[in-house]
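Peer 1: Return a 3D structure for these sequence lines:
(2 chains)
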Number of protein chains: 2
Amino acid sequence: MTYCVGLMLNEGLVLLSDTRTNAGVDNIASFRKTYLFEEPGERAIAILTAGSLSVTQTVIAKLQEAIDDPDAHPGGSIMQAGSMLAVAEIVGNMLSQVSTEIQAKMNRMQQSATASMIVAGQRRGGAPRMFLIYPEGNFIEATPDTPFIQIGEHKYGKPILDRVITPETSIADGRLAVLLSMDSTLRSNLSVGMPLDLTIIRTDECRISEQLRIDERDPEFIALSEDWSNALRDSFTRLRDQRKV
Amino acid sequence: MTYCVGLMLNEGLVLLSDTRTNAGVDNIASFRKTYLFEEPGERAIAILTAGSLSVTQTVIAKLQEAIDDPDAHPGGSIMQAGSMLAVAEIVGNMLSQVSTEIQAKMNRMQQSATASMIVAGQRRGGAPRMFLIYPEGNFIEATPDTPFIQIGEHKYGKPILDRVITPETSIADGRLAVLLSMDSTLRSNLSVGMPLDLTIIRTDECRISEQLRIDERDPEFIALSEDWSNALRDSFTRLRDQRKV
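Peer 2: Next comes the predicted model:
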């Protein structure tokens, strides 16, 4: 399984993915699920993927082919698209096409292979935008009402986002919130695993402002995880003691 | 959907269920999902149900028929069973039989109707025990390693249980923990809803020690819910401020 989360804050986009993939519980591997496309100062795009690796890798490879040789690809290159909406359309169309091809192979075995994606970024002259691309290729967009998008194993990590994230949240707080959201997910679902990929695209920089791989020996993440567990336990104890008075 | 949770603590059994049922999002109703069977001082049994109401109501009705007229029911009565294990077997067999009958009707429409249950209780001379009955009728038992069982929408409410519950947890703390676990679930899944049914069976009392319906106007639950939200936000702020120093 997978957990990916993206925040669309006034200060910029904060994106976090895990790296665990598995084919059954006895075949586990690490694959990057965050793909970055950048022309610094002009445009920065992050694509986070969940679902069948055979689908997501093929989609990314074909998007890359179209970037390398746009003329040979009538669908267009995400690095030349005129808006983030057009980027989402290109990714959605590619996902739909690849899924359909792979599904035709899978049907014979009565299996299925689907994927979903978060597409986020900004091009110069446009606003930062973030989209959730569904397995069928259609998509929705994050708005100030719900300024975050999750794909994969989203339930364990949602309560902290619901309580903390608004468009006014700072990037520093957003970064902390996605790490805590991931921590809750890692604890409860073995098929989500370290290392993590954190990406930050600050508003109007139109470049990948920060890109960080966090592995299981990262002292900051270990401390964060312990402090949060202790904070939850302390909150529980305090709530109980208030009620005993 | 549904959320039911049971704790097996040294001091006793703590059980909580919601009451919301729905057939589609436009057809919502309230039904009790906790069923209690008691012969005070001799035995106390609680059954919490999740899944198709047509299955769970029929199972409970047939269990009740067997209690009223044990001779006519070769499967046996849960009020006469010689152990809690035998109670779990009777409930599992009944669930399997009813599911099979209803499923035969559903197959024509390519629909499915399944249910799962928590069966918990104690009879005089035995220990308190708690079982999770799967839709197929087989079951597992709570142990000191994992002294809680959840059915239905279990993910949102699991992190607090993971962090707080051990067999040594007091009933007062267990009661608070299941209410917080339910609160997280209510916030994140509209198909889980108030009022709630809380049941406590203290060890060796062999009776329903406490039984409480909590509705949405309950001042204690409203305060608990707000205090917990504030505590989580405060914990987040404190964690962030520590990191700024």
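
Peer 1: Strand partners (parallel or antiparallel) of the helix or strand of chain A with the lowest mean pLDDT?
Peer 2: In chain A, the helix or strand scored least confidently by mean pLDDT, DSSP states H and E is strand A:28-30, which has a mean of 81. Here strand A:28-30 is paired, per DSSP bridges, with strand A:20-22 (antiparallel).

Peer 1: Near chain B, which residues of chain A? Just list them.
Peer 2: Chain A comes close to chain B at residues A:155-156, A:158-160, A:162-164, A:172-173, A:176-177, A:180, A:184, A:187-188, A:224, A:227-229, A:231-236, A:238-240, A:242-244, as judged by Cβ under 8 Å from any Cβ of the partner chain. In this view, the C-beta of every residue, glycine as well, is placed from N, C-alpha and C.

Peer 1: for chain A, which spans come out with low pLDDT?
Peer 2: Counting by pLDDT under 70, chain A shows low-confidence ranges at A:25, A:245.

Peer 1: what about the longest helix in it?
Peer 2: Ranked by residue count, the top helix of chain A under DSSP state H comes out as helix A:219-244.

Peer 1: picking that back up, any buried residues in the least confident helix or strand of chain A, and which?
Peer 2: Using 16 or more other Cβ atoms under 10 Å in any protein chain shown as the test for burial, strand A:28-30 gives no buried residues.

Peer 1: quick one on the thing from earlier: are any of the residues of chain A next to chain B buried, and if so which?
Peer 2: Buried members of those, scored by 16+ other Cβ under 10 Å, are A:155-156, A:158-160, A:162, A:164, A:173, A:176-177, A:180, A:184, A:187-188, A:224, A:227-229, A:231-232, A:235-236, A:239-240.

Peer 1: how about the strands of chain A, start to end?
Peer 2: Along chain A, counting by DSSP state E, strands occupy A:3-9, A:12-17, A:20-22, A:28-30, A:34-39, A:43-51, A:115-123, A:129-133, A:139-141, A:148-152, A:196-202, A:210-214.

Peer 1: in the third one, what counts as buried?
Peer 2: By neighbour count, and taking 16+ other Cβ under 10 Å as the criterion, the buried residues in strand A:20-22 are A:Arg20, A:Thr21.

Peer 1: residues making contact with it?
Peer 2: A:Met1, A:Thr2, A:Ile28, A:Ala29, A:Ser30, A:Phe31, A:Leu53, A:Ser191, A:Val192, A:Gly193, A:Met194 (Cβ atoms under 8 Å, 6 or more residues apart in numbering or on different chains).

Peer 1: Narrow those residues to those that are buried.
Peer 2: A:Met1, A:Thr2, A:Leu53, A:Ser191, A:Val192, A:Gly193, A:Met194.

Peer 1: Could you tell me the phi and psi values at the fifth one?
Peer 2: Put plainly, it is A:Val192. The phi and psi torsions at A:Val192 (degrees, to the nearest 10) take the values phi -110, psi 130.

Peer 1: Not counting sequence-adjacent ones, nearest residue to A:Gly76?
Peer 2: A:Ile90 (5.4 Å; Cβ to Cβ, 6 or more residues apart in numbering or on different chains).

Peer 1: A:Gly75 is in contact with the one you found, correct?
Peer 2: Yes: contact criterion Cβ atoms under 8 Å: A:Ile90 and A:Gly75 qualify, at 5.9 Å.

Peer 1: Quick check: neighbours shared by these two?
Peer 2: Looking at what touches both A:Ile90 and A:Gly75 (by Cβ under 8 Å, 6+ apart), the common residues are A:Ala66.

Peer 1: Between these two, which has more neighbouring residues?
Peer 2: Neighbour count, other Cβ atoms under 10 Å in any protein chain shown: between A:Ile90 and A:Gly75, A:Ile90 has more, with 20 against 15.

Peer 1: who touches that one in this structure?
Peer 2: A:Leu63, A:Ala66, A:Gly75, A:Gly76, A:Ser77, A:Ile78, A:Ala81.

Peer 1: coming back round to it: the longest helix of chain A packs against which elements?
Peer 2: Contact here means 3 or more Cβ pairs under 8 Å, 6 or more residues apart in numbering or on different chains; DSSP states H and E; on that basis helix A:219-244 packs against helix A:171-188, helix B:158-164, helix B:171-188, helix B:219-244.

Peer 1: Recalculate using a threshold of 10 Å.
Peer 2: The contact analysis (3 or more Cβ pairs under 10 Å, 6 or more residues apart in numbering or on different chains; DSSP states H and E) places helix A:219-244 against helix A:171-188, strand A:210-214, helix B:158-164, helix B:171-188, helix B:219-244.

Peer 1: Between the two ends of stretch A:11-20, what distance do you get?
Peer 2: End-to-end span of stretch A:11-20 (Cα to Cα, to the nearest Å): 29 Å.

Peer 1: What of stretch A:205-223?
Peer 2: 31 Å.

Peer 1: Could you pull out the buried residues of that stretch?
Peer 2: Residues of stretch A:205-223 classed as buried by neighbour count (16+ other Cβ under 10 Å): A:Glu205, A:Cys206, A:Ile208, A:Ile214, A:Asp218, A:Phe221.

Peer 1: what's the closest of these to B:Leu95?
Peer 2: Using Cβ to Cβ, A:Phe221 comes nearest to B:Leu95 of the buried residues of stretch A:205-223, at 43.9 Å.

Peer 1: Okay, the residue lying closest to that closest one once chain neighbours are set aside and chain B: tell me how far apart.
Peer 2: Among residues not flanking A:Phe221 along the chain, A:Ile214 sits closest, at 5.2 Å (Cβ to Cβ, 6+ apart). As judged by Cβ to the nearest Cβ, to the nearest Å, A:Ile214 and chain B stand 15 Å apart.

Peer 1: Next up, the contacts around A:Ile214.
Peer 2: A:Leu16, A:Leu179, A:Met182, A:Met194, A:Pro195, A:Leu196, A:Asp197, A:Leu198, A:Glu220, A:Phe221, A:Ile222, A:Leu224 (Cβ atoms under 10 Å, 6 or more residues apart in numbering or on different chains).
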